[in-house]
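**Student:** Quick one: sequence and predicted model below, then my questions.
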Amino acid sequence: MPKIHFLPEELRLKIAAGEVIERPASVIKELLENAFDAWADYIRVEFEKGGLERIVVYDNGIGMAPEDLKLCYRSFTTSKIKELSDIFAITTYGFRGEALSSIAQVSRLKIVSIERGASLPFEIEIEFGKEKSFRPSRLKEGTLVEVRDLFENLPARKAFLKSVKNESAKNVEIFKALLLPHPEKRAALFIDGKEIYNWKGGSLKELFSYLFELPAEYLKETHFECQPYKISLLLTDTRKSFSHGRYLFIFVNNRLIKDDKLTKYIYHLLKRFFGNLGFPAGVIKLDLPPQLVDFNVHPAKWEVRFKREREVFSILDEAIKNHYTTQKSSFYFKETPSDTEWKIMEDLPLSYETISTQKKEIQKGTYLFEKKTLEDFKILGTFKETYLVIEKEESLYIIDQHALSERIHYEFLKKSEFFSFPQKLLLPFLIKLTSEMFENLDKKLEILTKLGFDLELISEEEILVKGAPPDLLEFAREILENLLVLPDFDFLSAREALLKELACKRAIKKGDSLTKEEIRHLIELMFRENLETCPHGRPIYIKLDVSEIEKRLKRRP
Ligand SMILES: Nc1ncnc2c1ncn2[C@@H]1O[C@H](COP(=O)(O)OP(=O)(O)OP(=O)(O)O)[C@@H](O)[C@H]1O
Ligand SMILES: [Mg+2]
């Protein structure tokens, strides 16, 4: 009996809509992008109940003629491209002709619009994909789109949404992010009738500082050009870093990008300057000819493919290097902090992803605002890019940077809850069992499962590894192979071994070059916490008292 049949169009449209419109924030994103494409210089966004009840986006752009208004909510209707080749030279946000049709399928949609230069505005109302009315309306200029009762016809999708507060936060986040490439435009945001932002236009630095409440003095802007690429960077310096990259926005041709590969590469570039400090806040903007980039990769256009990826990556490398190295004189190598200053705990170097217990631990014994005291040691330099040379009181310290960093990571990991939930591996892998591994295998598997590994004994000879604790994904094989050969272990000793491995993997390595800021943070922690040995028991430093030096140099008997 054949089982395959065509899905009814109604269902097809709803499925397609789900790919574009995932939540209220997706609606806001699409409507804002349409407003920018319509050359608006004023945009107002309003939403109620996290956007589930109502979202309104008004813009003063070019508007639509009544014939276009009748068409704009139908699938695959667009004014932005005409033929396939246009996709490879896109200069507008939109090109699929799917956003309004997707929104129309899953909400009660009303669009009021007047074409620039025309005298009569029109409005159209669509309920879950069906046109309900079309008539003359009232609006002085531009376009007003109102979306009510989002996902009311798709209860399953609605149930998957987070709380109103959460959706609200996502809406605000997207509003702020999408505005960043357009600082010259005016924009306002209202939540449940209350004005939250009212931006009157200005520079990118002013806008960022306004939206993220970050003093402009921490932000530096540089521009880097290497034909045909242009990169603009607006980034905080190492005095303002965050444990996450949530305040770091990447734009390619003004489009907000959440591309895993590109993001990871940028994080890697920034690590050279931020090390353990985390990430800067700010904007990384890359502009290149539209023929060299493909945005038609992800249904919500979050991802990109570059024609000449290697070239793009190396330009980014140069631009970031240039941004931070020209800054050195102003803050990197400032010898001592200027008097006492207030620093927010979030800037501490040892912050990890926000897991509640870790946060608590980081703040234990300190305050949210910790008073930074004048340091009582002097950084003399680095020997062989491995040993930090420090003067403190009457002693000279030669410190192994890897051992110290490893111990600091270990201390934080010990207090964390890292090993509770396995994360699925994209590519499960097999471990071939050796005879040592067979010893007490059942017990070992039970303990490793408790520690967050997802393992399955699939034959006499092999274990299939399907998941691992999120922080250990990339080292899972190495760690499991090391642990499984141990003849016996209990939960606590296995956990400790894992933490040591992880701390070692995360630590600064021998030969890594550190900024003075990073060195200062490491040393401060070493003295404050009295750290003496690395997790494996090796000493962290050699201490030479001045008296001993004098004795050896025969300056004193
Ligand atoms: N705010 C607006 N002002 C003027 N015209 C608009 C506005 N919003 C939509 N339109 C018109 O409606 C068309 C359809 O919009 P829609 O967002 O569905 O598709 P798109 O922007 O062309 O492509 P995409 O699906 O990639 O966003 C647009 O091409 C544009 O002509
Ligand atoms: Mg669009």
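**Tutor:** Now that the structure is in, tell me what you want to look at. Ligands and ions are numbered 1, 2, ... in the order given.
**Student:** going forward, measure contacts and count neighbours with C-alpha atoms only.
**Tutor:** OK.
**Student:** Is residue 57 located within a strand, as I assumed?
**Tutor:** Yes: counting by DSSP: H, G, I helix; E, B strand; the rest coil, residue 57 is found in a strand.
**Student:** Give me the neighbour count for it.
**Tutor:** By other Cα atoms under 10 Å, 23 other residues sit near residue 57.
**Student:** got the contact list for it?
**Tutor:** 28, 31, 32, 43, 44, 45, 46, 144, 145, 146 (Cα atoms under 8 Å, 6 or more residues apart in numbering).
**Student:** Contacts only, for the fifth one.
**Tutor:** Applying Cα under 8 Å, 6+ apart, one finds that residue 44 lies in contact with 56, 57, 58, 59, 187, 188, 189, 190.
**Student:** what does the last one give?
**Tutor:** Listed by Cα under 8 Å, 6+ apart, the contact partners of residue 146 are 54, 55, 56, 57, 109, 110, 111.
**Student:** between the contacts of residue 44, which is nearest residue 501?
**Tutor:** Nearest to residue 501 among the contacts of residue 44: residue 189, at 47.3 Å, using Cα to Cα.
**Student:** Determine the three-state secondary structure at the closest one.
**Tutor:** Put simply, residue 189 is strand when judged by three-state DSSP.
**Student:** Specify the beta-bridge partners of it.
**Tutor:** Listed by DSSP bridges, the beta-bridge partners for residue 189 are residue 45, residue 197.
**Student:** Would you agree it is in contact with residue 196?
**Tutor:** Yes: between residue 189 and residue 196 there is a contact at 5.5 Å, judged by Cα atoms under 8 Å.
**Student:** ok, back up a step: in a markdown table, list the contacts of residue 57 along with pLDDT.
**Tutor:** Formatted as a markdown table, the contacts of residue 57 follow (pLDDT from 0 to 100):
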| residue | pLDDT |
| --- | --- |
| 28 | 98 |
| 31 | 98 |
| 32 | 98 |
| 43 | 98 |
| 44 | 98 |
| 45 | 98 |
| 46 | 98 |
| 144 | 98 |
| 145 | 98 |
| 146 | 98 |
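**Student:** Quick check: ChimeraX command selecting the buried ones in those residues.
**Tutor:** Applying 16 or more other Cα atoms under 10 Å to those leaves a buried subset, and the ChimeraX line that selects it is:
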select :28,31,32,43,44,45,46,144,145,146
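**Student:** Which pair of the contacts of residue 57 spans the longest distance?
**Tutor:** Using Cα to Cα, the contacts of residue 57 reach their maximum pairwise distance at 43 and 146, which is 13.6 Å.
**Student:** Show the contacting residues for the closest residue to residue 245 other than its chain neighbours.
**Tutor:** Spatial nearest neighbour of residue 245, excluding adjacent residues (Cα to Cα, 6 or more residues apart in numbering): residue 279 at 5.7 Å. Residue 279 makes contact with 241, 242, 243, 244, 245, 248, 267, 270, 271, according to Cα under 8 Å, 6+ apart.
**Student:** State the phi and psi torsions of residue 279.
**Tutor:** Backbone torsions of residue 279, given as degrees, to the nearest 10, read phi -130, psi 150.
**Student:** before we move on, back to that, who's more crowded, residue 189 and residue 196?
**Tutor:** Using other Cα under 10 Å as the criterion, residue 189 and residue 196 rank with residue 189 on top: 21 against 13.
**Student:** Which of the contacts of residue 146 has the largest number of neighbours?
**Tutor:** residue 109 (29 neighbours).
**Student:** Quick check: residue 302 is in a strand.
**Tutor:** No: with three-state DSSP as the criterion, residue 302 is coil rather than part of a strand.
**Student:** How many neighbouring residues does it have?
**Tutor:** Close neighbours of residue 302, defined as other Cα under 10 Å, add up to 15.
**Student:** likewise residue 296?
**Tutor:** With other Cα under 10 Å as criterion, residue 296 counts 17.
**Student:** Verify the stated contact: it with residue 302.
**Tutor:** No: Residue 296 lies out of contact with residue 302 (Cα under 8 Å); the separation is 9.2 Å.
**Student:** Give me the pLDDT value at the residue of the stretch 151-300 of the chain at minimum distance from ligand 1.
**Tutor:** Of all residues in the stretch 151-300 of the chain, the one sitting closest to ligand 1 is residue 300 (8.3 Å; Cα to the nearest ligand atom). Reported pLDDT at residue 300 in the predicted model: 78.
**Student:** Can you give me the end-to-end span of stretch 108-126?
**Tutor:** End-to-end span of stretch 108-126 (Cα to Cα, to the nearest Å): 6 Å.
**Student:** domain assignment for the chain?
**Tutor:** 9-201, 206-332, 336-557 (automatic domain parsing).
**Student:** least reliable of those going by mean pLDDT?
**Tutor:** Note on the domains of the chain: domain 336-557 shows the lowest mean pLDDT, a mean of 76.
**Student:** How far off centre is that domain?
**Tutor:** Computed by Cα atoms, centre = their mean, to the nearest Å, the chain-centroid distance of domain 336-557 equals 23 Å.
**Student:** quick one: the strands in the stretch 251-400 of the chain?
**Tutor:** In the stretch 251-400 of the chain, the strands defined using DSSP state E, counting those that start in this stretch lie at 255-256, 282-287, 293-294, 305-306, 341-344, 369-372, 378-383, 387-392, 395-400.
**Student:** So which of these is nearest ligand 2?
**Tutor:** Minimum separation from ligand 2 across the strands of the stretch 251-400 of the chain (Cα to the ion) falls at strand 255-256, 12.5 Å.
**Student:** Next up, the contacts around the spatially closest residue to residue 46 that is not a sequence neighbour.
**Tutor:** Ranked by Cα to Cα, 6+ apart and with sequence neighbours excluded, the top spatial neighbour of residue 46 is residue 190, at 4.6 Å. Listed by Cα under 8 Å, 6+ apart, the contact set of residue 190 reads 44, 45, 46, 47, 196, 197.
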